[in-house]
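*Asks:* take a look and give me a structure for this.
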Amino acid sequence: MDVVDAHCHIISEDLTRYPKDPIGGKQSEWAATRPVTAEGMVSRMEETGVDQAVLVQATTNYGYDNSYVLDSSRRWPERFVAVGTVDPLRPDAASNLKAAVGEGGLAGVRLFTSGSTVPTQGEWFVAPETFPFWEQAQELDLPVCLQMRLGPATAQLVELLERFPGVKVLLDHIGYPDIASSPARAGAEVAQLAAHPGLHLKLTHRNLERLQDAGERAGEFLGPVLDTFGAERIAWGSNCPAAEQSLPDLLALAQEVLVGLPEQVQQEIFAGTARRLYPSLGAHGS
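*Replies:* Below is the predicted model of the structure:
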């Protein structure tokens, strides 16, 4: 099976060329204790059978300095594309974004509004100051990965999707729906968002572990989400090495949870969606 990892991170051992500058001034625990270099990621991919990967900026190690993901994607263009982090509140955000994409540049961007070093969910991603950024992303047809938690900020997400219906938003970790409490309720919550055609979902271990724990009830979440979004708007990402498991174990987890789905559905989730979102990956085997 063709496999594209839509969400992994790399960290260089060269602190002079690629100095640490984590967003918020705090480095994440995983970045400090289990970093993986680009060379290491290539090795893990070969071991696992992952054909290509999307290098998502390690915001909790490099902040807005995208040098390492860009340099790595240029070194291994057959393996990687780069998704960088930007500050959409800057007055020059739109022009900076336009300059950062193109051949050998960023294939997508990521906004980090919540996470290990940002414990409070930010709702600034739909502030009026960000509108030029979103307009530019829409014009460039550039996927925007949004790291956020569903809940109080969902209203801002809906406002964003309604204001910029042409923008492609890829919701990291599906916005951390509370599958553990109720797979059915979490599935219904996510399914409601499918009315916005630009919204895509990134399925990672953050969700898959909860679905594995749910056992037979996993279908109560997957059923409505697949029925409304379709597999063509869902992409698998490992989150390696932020996840504690190895890349082979992370892929095996996804395959185990999704084993009952039709082969074509699995193929979309494991590669097809990512290839459409990031055309520079090329077609399988190209």
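*Asks:* now the helices for the stretch 101-250 of the chain?
*Replies:* Secondary structure of the stretch 101-250 of the chain (DSSP state H, counting those that start in this stretch): helices located at 131-140, 154-163, 183-191, 205-214, 218-229, 247-257.
*Asks:* just send these back as TSV, with mean neighbour count too.
*Replies:* For the C-beta atoms, the positions are set from N, CA and C on the backbone; glycine is no exception. As requested, the helices of the stretch 101-250 of the chain are exported to TSV (neighbours: other C-beta atoms under 10 Å):
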stretch	mean neighbour count
helix 131-140	19
helix 154-163	16
helix 183-191	20
helix 205-214	20
helix 218-229	20
helix 247-257	19
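*Asks:* so can I have a markdown table of these showing mean pLDDT and distance to Leu171?
*Replies:* A markdown table is the format used below for those (pLDDT from 0 to 100; distance: least, C-beta to C-beta, whole Å):
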| stretch | mean pLDDT | distance to Leu171 |
| --- | --- | --- |
| helix 131-140 | 96 | 15 |
| helix 154-163 | 94 | 8 |
| helix 183-191 | 98 | 9 |
| helix 205-214 | 98 | 11 |
| helix 218-229 | 98 | 10 |
| helix 247-257 | 98 | 17 |
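*Asks:* dump those helices to CSV, plus distance to Pro88.
*Replies:* Listed next are those as CSV, based on distance: least, C-beta to C-beta, whole Å:
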stretch, distance to Pro88
helix 131-140, 4
helix 154-163, 11
helix 183-191, 24
helix 205-214, 24
helix 218-229, 25
helix 247-257, 30
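*Asks:* so which of the ones you listed is nearest Gln147?
*Replies:* helix 205-214 (10.8 Å; C-beta to C-beta).
*Asks:* just to revisit the earlier point, to Leu89, which of the helices of the stretch 101-250 of the chain lies closest?
*Replies:* Comparing those by their distance to Leu89 (C-beta to C-beta), the top pick is helix 131-140, with 8.2 Å.
*Asks:* which residues sit against that closest one?
*Replies:* The contact list for helix 131-140 (C-beta atoms under 8 Å, 6 or more residues apart in numbering) reads 86, 88, 93-95, 97-98, 101, 109, 142, 144, 160, 163-164, 166-167.
*Asks:* in contact with Glu256, which residues are there?
*Replies:* Contact analysis of Glu256 by C-beta under 8 Å, 6+ apart lists Gln212.
*Asks:* ok, now how distant is it from Gln212?
*Replies:* Distance, Glu256 to Gln212, using C-beta to C-beta, to the nearest Å: 7 Å.
*Asks:* and Pro119, what pLDDT?
*Replies:* Note for Pro119: predicted pLDDT of 59.
*Asks:* run a quick neighbour tally on Asn96.
*Replies:* Asn96: 16 surrounding residues under other C-beta atoms under 10 Å.
*Asks:* quick one: it is in a strand?
*Replies:* No. According to DSSP: H, G, I helix; E, B strand; the rest coil, Asn96 belongs to no strand; its state is helix.
*Asks:* that one touches Arg90, doesn't it?
*Replies:* Yes. Between Asn96 and Arg90 there is a contact at 7.0 Å, judged by C-beta atoms under 8 Å.
*Asks:* could you pull out the strands for this protein?
*Replies:* 4-8, 52-56, 80-85, 108-112, 144-147, 169-171, 199-203, 234-236 (DSSP state E).
*Asks:* against Glu129, how distant is the closest residue to Gly166 other than its chain neighbours?
*Replies:* Closest residue to Gly166 apart from its sequence neighbours, by C-beta to C-beta, 6 or more residues apart in numbering: Gln138 at 4.5 Å. According to C-beta to C-beta, Gln138 and Glu129 sit 16 Å apart.
*Asks:* ok, Glu216 next?
*Replies:* 47 Å.
*Asks:* which of these two has more neighbours?
*Replies:* Glu129 (13 against 7).
*Asks:* which ones are touching that one?
*Replies:* Taking C-beta under 8 Å, 6+ apart, one finds Pro88, Leu89, Pro91 in contact with Glu129.
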